[in-house]
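J.: the sequence and its predicted three-dimensional model are supplied below.
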Amino acid sequence: MRKRTWLAAGLLAMLCWGTMGCPDDNPSEPIADALDADSSLRDVPGEATGDLELDGQDVPTEGGEDAPPLYLGHETQGAGSEWPDCLSGCDHAHPLSPVLDIIDLPFDALWGVIDGDEHIFYVQSVEYVGPDVDLLAVTLPTRTMLEIRVEPADSSSPVHPLVITHDGFNYMTFNAGVAADDVSARTVVASPYVGDLPFYIAFQDANNYDNTPAGPFVGGEEYAYLVWFDTWGFAPVELGELNATNSPITVTGARIEQSGDIHYYRLTAPTADATGQNPEVKFTRTGSEDFTGFMAGMNTIGGQLVWDAGSWVFDEDHDGEITLPGSAFVACNTTPCESEGEYIFVVMDWNGAVFPGEFTYNLEISLP
């Protein structure tokens, strides 16, 4: 299983070289509207994608007529076809436009290519040569769930796609393979922002990610991939009201069923002004040591869902216990705060994986 590290070189190359994670009320069930974990992604298209010609040439539109696909990273396709490598600090930085509205996207899928050219990145004013990275800026109504699935464009493509989501400040989710024998990638995340502020999706070949910044890098016209999207409403696991009389609230036997899944939890609790500290969450891994448990607290002021701070299980932490402190939440921006706030946090695997073994855990949410 691929192991990523916080601000690893490969992630720096993608987004921050030179700059700078089915709804169900039962937490033991998967939250995402997921595909069968044992099947190939290309065999089970989602509702939002429809039929797709997997020949890398034509992508059907919603009207059913063939139309040229939307290219993501193919530099030979003419003006506007090269998508940026990073937000800033590279020779193909993110432009102000276009920003893709996923809800109104007129394509069933996007078709991109990891090219074989040299790309220039800068880290603290030092120039590096790196691989092609394709970065999308997208918008969705806040708290809309988005599933992103990436696969080779056809059976001849050697690409091993990798997908990351990023809100412009923090890395959110990561996946480099839905199963041990399937190179397709998948991740799920809720849109963080109110209004038209975009968040980002980055695609790279997993071999380039592993080899950044030293190389060698792979790429070329044959490294074509397809991106599929599906959306649904936000419906986190509702934990109810946490107060001094029922603290702690516990969740037992929760399980991440499929690679790329993410579990959102929501509760209400007295704010820090009332108690001196926000709620804290204790995570205990109960299954495989390959489960690199990760939690992140949200900034929920103004209805947004921005990832604020996180805690994760390092490889050496075989006891599998971590605590998300109250400082990871921002539920109020007034002085004094209202007496009760909305607290939302996520649980996922840091690598977006679900293999090998059981990816199970327990939670304890308490007022200190």
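T.: Looks like it arrived, so ask away.
J.: show me where the stretch 201-350 of the chain has strands.
T.: Using DSSP state E, counting those that start in this stretch, the strands of the stretch 201-350 of the chain run over residues 224-232, 237-241, 249-255, 263-270, 280-285, 293-299, 306-312, 321-324, 340-349.
J.: can you convert the ones you listed into CSV and add a column each for mean pLDDT, mean neighbour count and distance to V126?
T.: C-betas here are computed from N, CA, C, even on glycine. As requested, the strands of the stretch 201-350 of the chain are arranged in CSV below (pLDDT from 0 to 100; neighbours: other Cβ atoms under 10 Å; distance: least, Cβ to Cβ, whole Å):
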stretch, mean pLDDT, mean neighbour count, distance to V126
strand 224-232, 93, 23, 30
strand 237-241, 96, 16, 45
strand 249-255, 97, 16, 44
strand 263-270, 94, 22, 39
strand 280-285, 95, 21, 38
strand 293-299, 94, 24, 30
strand 306-312, 88, 20, 28
strand 321-324, 92, 18, 34
strand 340-349, 93, 24, 33
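J.: reformat these into TSV and put distance to A180 next to each item.
T.: Output for the strands of the stretch 201-350 of the chain, formatted as TSV (distance: least, Cβ to Cβ, whole Å):
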stretch	distance to A180
strand 224-232	20
strand 237-241	28
strand 249-255	18
strand 263-270	22
strand 280-285	20
strand 293-299	20
strand 306-312	22
strand 321-324	25
strand 340-349	14
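J.: and those: which comes nearest L136?
T.: strand 224-232 (8.2 Å; Cβ to Cβ).
J.: doesn't Y200 fall inside a strand?
T.: Yes - judged by DSSP: H, G, I helix; E, B strand; the rest coil, Y200 forms part of a strand.
J.: now it. Nearest residue, chain neighbours left out?
T.: Once flanking residues are discounted, Y200 sits nearest to H166: 4.5 Å by Cβ to Cβ, 6 or more residues apart in numbering.
J.: now the residue nearest the centre of the chain: closest residue in space that isn't a chain neighbour?
T.: For the chain, the residue nearest the mean C-alpha position is T173 (2.6 Å; Cα atoms, centre = their mean). Excluding its sequence neighbours, the residue lying closest to T173 (Cβ to Cβ, 6+ apart) is T187, at 4.3 Å.
J.: burial check on the one you found, number of neighbours?
T.: 28 (other Cβ atoms under 10 Å).
J.: ok, G220 next?
T.: A count of neighbours around G220, defined by other Cβ under 10 Å, yields 14.
J.: which of the strands of the stretch 201-350 of the chain sits closest to G177?
T.: Closest approach to G177 among the strands of the stretch 201-350 of the chain (Cβ to Cβ): strand 340-349, 12.1 Å.
J.: and that closest one, which strands flank it?
T.: Paired with strand 340-349 in the same sheet, following DSSP bridges, are strand 263-270 (antiparallel), strand 293-299 (antiparallel).
J.: flag the shaky bits of the stretch 1-150 of the chain, pLDDT-wise.
T.: Scanning the stretch 1-150 of the chain with the threshold set as pLDDT under 70 gives 1-81, 96-97.
J.: where's Q204 relative to S157, distance?
T.: Going from Q204 to S157 by Cβ to Cβ, to the nearest Å gives 14 Å.
J.: mind checking which of these two has more residues around it?
T.: Using other Cβ under 10 Å, the more surrounded residue of Q204 and S157 is Q204, with 32 against 21.
J.: bridged to that one, which residues?
T.: Beta-bridge pairing for Q204 (DSSP bridges): L162.
J.: surely it and P131 touch.
T.: Yes - the criterion here is Cβ atoms under 8 Å, and Q204 meets it with P131 at 6.8 Å.
J.: contacts only, for R186.
T.: Applying Cβ atoms under 8 Å, 6 or more residues apart in numbering to R186 gives the contacts 35, 41, 147-150, 163, 175, 178, 258-260, 352.
J.: rerun that using 7 Å as the cut-off
T.: By Cβ atoms under 7 Å, 6 or more residues apart in numbering, the contact set of R186 is 41, 148-149, 175, 178, 259-260.
J.: ok, now T139?
T.: Counted by Cβ under 7 Å, 6+ apart, T139 has contacts 99, 101, 196, 198.
J.: now the second one. Nearest residue, chain neighbours left out?
T.: Distances taken as Cβ to Cβ, 6+ apart put T139 closest to D101, at 5.4 Å, once the chain neighbours are dropped.
J.: any idea how far I102 is from that neighbour?
T.: Going from T139 to I102 by Cβ to Cβ gives 7 Å.
J.: show me the helices in this protein, by range?
T.: Along the chain, counting by DSSP state H, helices occupy 9-11, 206-211, 272-275.
J.: which of these has the lowest average pLDDT?
T.: Here the lowest mean pLDDT among the helices of the chain goes to helix 9-11, at a mean of 36.
J.: ok, now which ones touch V126?
T.: Per Cβ under 7 Å, 6+ apart, neighbours of V126: none.
J.: again, but for L226
T.: Contacts of L226 by Cβ under 7 Å, 6+ apart are 109, 111, 151, 153.
J.: which one of the residues you listed is nearest to T231?
T.: The nearest one, if we look at the contacts of L226 relative to T231 and count by Cβ to Cβ, is A109, at 14.2 Å.
J.: number of nearby residues for that closest one?
T.: 25.
J.: thought it was touching Y225?
T.: No - counting by Cβ atoms under 7 Å, A109 stays clear of Y225, with 9.9 Å between them.
J.: tell me, how many residues neighbour the nearest residue to P161 once chain neighbours are set aside?
T.: Excluding its sequence neighbours, the residue lying closest to P161 (Cβ to Cβ, 6+ apart) is V150, at 4.1 Å. Residues near V150, counting by other Cβ under 10 Å, number 27.
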